[in-house]
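**Q** Model the structure of this input:
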Amino acid sequence: MSPDKQTIYASLVNARKQCACCKGLVNPSRCARGVYDSAEIGPWTRWQGRLDAELMVVGQDWGDVSYFESHRGLDEARNPTNRRLRELLAQAGFEVAAVGAEAGRGTVFLTNAILCLKSGGLGGPVKSAWFAECGPRFLRPQIELVRPRAVVALGERAYRAVCRAFGRRAGPFRRAVESGTKAELLVGVRLFPVYHCSPRVLAATRTWDQQQADWRRIGITLGRLLKGNAAEQLAAADRPRD
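**A** From the prediction side, this is the model:
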């Protein structure tokens with residue numbers, strides 16, 4: 001990672017800490033007097049924030065003020081969505097640290113379309129205006145800085161936020177997921193929409209098997225699974241036979 005990239009990222013984090021554009025949201029820098037804020041763009045990035053990552057995951061938003069304060073700015077280790085996400089990342093060929101660990105730069109880059117904190121619980125409502133503000137200010141600059149090969153939009157609202165940030169028309173979400181359409185956001189940077197891995201979505205919209213297949217397709221497109229399979233075959237060939 002170049003020093004320039006780290007400097008640009010630090011400037012972006014500082015701009016986020018100063019932002020107060022959205023009515024109804026609380027900046028982590030102003031929550032609990034800022035004691036649980038970090039030098040990352042958002043709480044999720046404390047788990048995984050590799051600035052030269054091959055894969056970036058964009059979620060809708062991280063959570064609410066109460067969750068942030070009670071967990072001191074870190075995800076709770078038993079958070080089921082993040083545990084499933086870790087399993088799905090493995091399906092695509094990316095091994096990441098355990099949920100809740102502050103893993104430094106890690107393996108991938110995790111961020112959210114809305115960076116500040118709402119009220120009303122983890123499933124509380126979000127406003128379209130919040131996506132509209134955060135997209136050009138922070139979401140697009142993060143993607144341009146990291147320049148991953150794959151931007152995975154986790155859920156429909158994250159997908160639409162990424163498309164809007166790049167001035168692209170977002171078509172029907174289900175069709176985009178099932179067709180495996182890979183829109184190019186920047187040269188060499190492609191967008192992969194996937195369904196959220198929450199219990200509600202798994203039960204009613206996209207099964208666990210289907211979601212695993214979606215992520216395996218991402219890994220195959222990036223060539224990671226093919227490399228992994230080749231390495232396994234090579235290791236097997238080198239093992240002594242009985």
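**Q** Identify the residue nearest residue 48 in space, chain neighbours excluded?
**A** Nearest residue to residue 48 in three dimensions, chain neighbours excluded: residue 106, at 3.8 Å (CB to CB, 6 or more residues apart in numbering). (Each C-beta comes from the backbone N, C-alpha and C, glycine too.)
**Q** Which of the three states applies to the spatially most central residue of the chain?
**A** Centroid-nearest residue in the chain: residue 57, 2.4 Å away (criterion: CA atoms, centre = their mean). Assigned by DSSP: H, G, I helix; E, B strand; the rest coil, the conformation of residue 57 is strand.
**Q** can you check residue 72 too?
**A** coil.
**Q** ok, for it, nearest residue in space, not its chain neighbours?
**A** residue 36 (5.0 Å).
**Q** Quick one: neighbours of that neighbour, just the number.
**A** By other CB atoms under 10 Å, the residues close to residue 36 number 17.
**Q** Likewise for residue 143?
**A** There are 22 residues near residue 143, going by other CB under 10 Å.
**Q** if we can go back for a sec, residues in contact with the residue nearest to residue 72?
**A** 28, 68-69, 72-73 (CB atoms under 8 Å, 6 or more residues apart in numbering).
**Q** how does it look with 10 Å?
**A** 28-29, 43, 68-74 (CB atoms under 10 Å, 6 or more residues apart in numbering).
**Q** Pick the one among the residues you listed closest to residue 115.
**A** residue 28 (8.0 Å; CB to CB).
**Q** Next one, pLDDT for the closest one please.
**A** Looking at residue 28, its pLDDT is 97.
**Q** Make sure I have this right: the residue nearest to residue 72 is in a strand.
**A** No - counting by three-state DSSP, residue 36 falls outside a strand, being coil.
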